[in-house]
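Asker: sequence first, then the predicted structure:
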Amino acid sequence: MDPCKLFSSVFSEANSNARDLSLSKRLEIVNGITQFGECFSSQGSFPRRSVVDSPHGNHNKTARKNETVAVKMSSYVSKTPNSRILYERAKKVLPAGVSYGVRYFEPYPFYTARAKGSKLYDVDNNEYVDFWLGHTALILGHANSAVTNAVADQLQKGTHYGTCHELEVKLAEQVVKMVPNARMIRFTNSGTEANMYAIRLARAYAGKAKIAKFEGGWHGGYDALQVSVK
Ligand SMILES: Cc1ncc(COP(=O)(O)O)c(C=O)c1O
């Protein structure tokens, strides 16, 4: 089998659960859409069940819900033609069409062109209120000038030394000062990596192999945590 196809299918399967998460998380963003605020806005979650599957036998309600979603979906599609084109291209070169499993939602994700403060603007110039804010990392919002100026300054001095740097010491000192139970810091490149190290450390310290994990919780791409993800 073509290795790319194999990777893509394994990736898609592993992320089928994550897609559900993407939907609910993304809906938080979509709920906040200002320019086309009706898009998915009245639903807390995307109705996956058909009328027949309805667990409560409330067929009319489910049918109405499906109808509302169909209308809103069609409105979304009509307002995001450039995103659709990008997604068609993406599917050919990115597994499942995305760079991160939870970014996918139906019928296709929108593509962001720029962002400022609390707003995202997609490639069709739709405006979104962003409740996701870079996986909650952007506590100062998008393109905050204090951050962009500091980054611009640093860019002139080089970007990747592969050596130690005073700023890492300063940042670690700041975190230790601000987080009461943090005595030392190991910076990582991702949440997946952080969790992997945390588990390794806990196993070494406790001398136990098993770990406990919340049912349905998403903690990144580490194998040991890709269990029971919703
Ligand atoms: C609770 C939690 N843990 C881990 C991760 C994985 O982080 P990363 O994508 O940086 O690997 C995420 C990502 O959203 C997360 O929400």
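Answerer: In hand now; what should we look at?
Asker: and H142, how many neighbours?
Answerer: A count of nearby residues for H142, using other C-beta atoms under 10 Å, gives 19. Quick note: C-beta positions are derived from backbone N, CA and C, even for glycine.
Asker: now do the one 5 residues further on
Answerer: Around V147 there are 13 other residues, counting by other C-beta under 10 Å.
Asker: where does it land in three-state SS?
Answerer: helix (DSSP: H, G, I helix; E, B strand; the rest coil).
Asker: quick one, phi psi at V129?
Answerer: phi -80, psi 120 (degrees, to the nearest 10).
Asker: what pairs with it across the strands?
Answerer: K119 (DSSP bridges).
Asker: what's the distance between it and E67?
Answerer: For V129, the distance to E67 (C-beta to C-beta, to the nearest Å) stands at 26 Å.
Asker: what about those two, which has more around it?
Answerer: V129 (18 against 10).
Asker: what pLDDT does that one get?
Answerer: Confidence at V129, expressed as pLDDT, is 97.
Asker: how about R64?
Answerer: At R64, pLDDT is 89.
Asker: got a list of what it touches?
Answerer: Counting by C-beta atoms under 8 Å, 6 or more residues apart in numbering, R64 touches no other residue.
Asker: name the element it belongs to?
Answerer: Using DSSP states H and E, R64 maps to helix 59-79.
Asker: which parts of this structure are strands?
Answerer: Using DSSP state E, the strands of the chain run over 112-116, 119-122, 127-129.
Asker: what number of residues lie near the residue of the chain found nearest the ligand?
Answerer: For the chain, the residue closest to the ligand is G191, as judged by C-beta to the nearest ligand atom, at 2.3 Å. As a burial measure, G191 scores 16 neighbours (other C-beta under 10 Å).
Asker: surely it touches G221?
Answerer: No - if you go by C-beta atoms under 8 Å, G191 and G221 don't touch, sitting 9.0 Å apart.
Asker: so how far is the helix holding R64 from its chain's centroid?
Answerer: Relative to its parent chain, helix 59-79 has a centroid offset of 24 Å by C-alpha atoms, centre = their mean, to the nearest Å.
Asker: low-confidence regions, the protein specifically.
Answerer: Scanning the chain for pLDDT under 70 picks out 1-57.
Asker: next to the ligand, which bits of it? Give me the list.
Answerer: For the chain, the residues in contact with the ligand (C-beta under 6 Å from any ligand atom) are H135, S190, G191, T192, N195, W218, H219, G220.
Asker: and the strands of the chain: which comes nearest I139?
Answerer: strand 112-116 (14.3 Å; C-beta to C-beta).
Asker: partner strands of that closest one, with direction?
Answerer: strand 119-122 (antiparallel).
Asker: what sits up against the strand it pairs with?
Answerer: With C-beta under 8 Å, 6+ apart as the criterion, strand 119-122 contacts 29, 80, 82-83, 110-115, 127-130, 142.
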